[in-house]
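Enquirer: below are the sequence and a predicted model; questions follow.
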Amino acid sequence: MTLIVEAKHRLGAFLLDAAFTSEGGVTALFGRSGSGKTSLIRIIAGLARPDEGRVIFDGETLTETKAGRFVPKHRRHFGYVFQEARLFPHLSVRANLSYGRWFAPPRPARGESFDHVVDLLDIETLLDRSPAKLSGGEKQRVAIGRALLCSPRLLLMDEPLAALDEARKAEILPYLERLRDQTEIPIVYVSHSIAEVARLANKVVVMRDGRVEAVGPAVDILSRASAAFDRKEAGALLQGIVESFDARHHLSTVALKSGRLHIPGAALAPGRPVRIRIPSRDVMLATARPEGLSALNIVEGRIEQLVQDADGTVEIRLDCGGDSILSRITALSCERLDLRPGKTVFAVIKTVALES
Ligand SMILES: Nc1ncnc2c1ncn2[C@@H]1O[C@H](COP(=O)(O)OP(=O)(O)OP(=O)(O)O)[C@@H](O)[C@H]1O
């Protein structure tokens with residue numbers, strides 16, 4: 001699968017001028033509110049025509065302004081999931097799920113079966129209910145199911161979790177992971193949440209002021225300092241392999257390039273690849289290996305880069321045997337510890353989140 005998107009489009013005072021390609025999996029369009037993510041996804045969907053540009057899916061030109069070509073939305077065979085579920089209130093969940101299917105133009109039978117989708121999203125017990133009797137998270141699962149049953153060749157998801165509270169988000173994320181891992185359907189996923197993108201995306205396109213600021217594998221992009229990232233959420237994303245699980249202490253040991261991290265929580269099978277996110281504000285630095293600390297994870301590294309911010313904090317990037325770890329500390333601490341590029345320090349990691 002290849003998706004090529006190039007678009008220039010003026011919306012009032014806002015200028016969208018963005019291009020990216022996707023080779024399948026989950027491609028996240030990530031950026032702050034107003035950066036142009038929805039405008040770009042609408043162009044891919046065929047909900048909007050750009051002033052200039054093209055959208056090519058698997059060699060088929062869907063939009064090409066120079067040639068005056070524009071394939072309408074319903075002939076693109078893309079599924080679309082919005083922030084709100086938009087279910088038909090007078091139809092049961094079962095009828096809502098089947099609705100898209102009745103109206104989907106006939107296509108070769110390579111789509112997902114009803115039973116498989118119901119199973120994938122765990123909505124069997126909801127089938128005879130009306131949407132009014134569903135929680136926000138359940139509604140969204142049904143909306144995803146409905147989109148899947150139209151046999152989409154691409155799924156466009158525009159902040160599908162944004163309207164949900166943290167508990168409902170946590171409930172849906174595993175289903176999105178299953179969707180990614182168990183179907184072949186490529187996904188373009190719009191989000192402004194680093195946590196969601198870190199968990200789901202293979203590739204990240206960072207949008208800022210209508211332009212693509214950075215693009216690349218999630219592990220690289222999310223570990224970079226960027227003004228598009230919310231300071232609270234910024235941090236490193238590392239790839240590791242589960243080595244063992246200590247059932248008595250509920251701790252998994254994960255091997256990284258640089259060493260090992262101990263992560264509390266669910267039992268994970270040894271050998272399993274996982275992604276780990278370490279928020280930069282949860283990493284303290286010490287110039288000697290600290291002792292007598294409760295923190296389980298202390299990693300040695302070399303300072304690669306220091307970026308001073310106007311708010312009196314400094315973001316420090318460490319090279320830990322090939323893994324990058326970010327730390328945000330005050331400028332005062334930085335001065336007191338005499339931190340400079342090349343210096344060896346110890347990162348004391350307070351929290352580590354397992355993302356997959
Ligand atoms: N029809 C329109 N006319 C004028 N300006 C528009 C129109 N649609 C969107 N905009 C502006 O274009 C910019 C990008 O909007 P867009 O919805 O694409 O951003 P976004 O990154 O998806 O934001 P959010 O995360 O808040 O949904 C915003 O400044 C918005 O106000």
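Expert: Structure received.

Enquirer: use CA for all of it now, contacts and neighbours both
Expert: Fine.

Enquirer: show me which residues of the protein are close to the ligand?
Expert: Within the chain, the positions near the ligand by CA under 6 Å from any ligand atom are Leu11, Gly12, Phe14, Arg32, Ser33, Gly34, Ser35, Gly36, Lys37, Thr38, Ser39.

Enquirer: most neighbours among those residues, which one?
Expert: Lys37 (30 neighbours; other CA atoms under 10 Å).

Enquirer: related to what we said a few turns ago, any idea which of the residues of the chain next to the ligand is closest to Phe245?
Expert: Arg32 (37.5 Å; CA to CA).

Enquirer: where does pLDDT dip in the stretch 251-356 of the chain?
Expert: Low-confidence segments of the stretch 251-356 of the chain, defined by pLDDT under 70: 356.

Enquirer: need the max-distance pair from the residues of the chain next to the ligand.
Expert: Gly12 and Arg32 (18.7 Å).

Enquirer: span of stretch 299-317 from start to end?
Expert: Stretch 299-317 has an end-to-end distance of 13 Å (criterion: CA to CA, to the nearest Å).

Enquirer: just stretch 327-335 next, same as before
Expert: Taking CA to CA as the measure, stretch 327-335 stretches 15 Å from start to finish.

Enquirer: same check, this time on stretch 321-336
Expert: 25 Å.

Enquirer: buried residues, it. List them.
Expert: Using 16 or more other CA atoms under 10 Å as the test for burial, stretch 321-336 gives Asp323, Ser324, Ile325, Leu326, Ser327, Arg328, Ile329, Ala331, Cys334.

Enquirer: who are the packing partners of the helix or strand that contains the fourth one?
Expert: Assignment of secondary structure by DSSP states H and E places Leu326 within strand 323-330. When contacts are defined as 3 or more CA pairs under 8 Å, 6 or more residues apart in numbering; DSSP states H and E, strand 323-330 sits against strand 235-246, strand 273-279, strand 283-286, strand 313-320.

Enquirer: for the next helix or strand after that strand, which helices and strands make contact with it?
Expert: Sequence order places helix 331-336 as the next helix or strand after strand 323-330, per DSSP H and E. Here helix 331-336 touches strand 313-320, going by 3+ CA pairs under 8 Å, 6+ apart.

Enquirer: contacts for the strand it packs on, please.
Expert: With contact meaning CA atoms under 8 Å, 6 or more residues apart in numbering, strand 313-320 is reached by 257-258, 280, 299-309, 324-331, 334.
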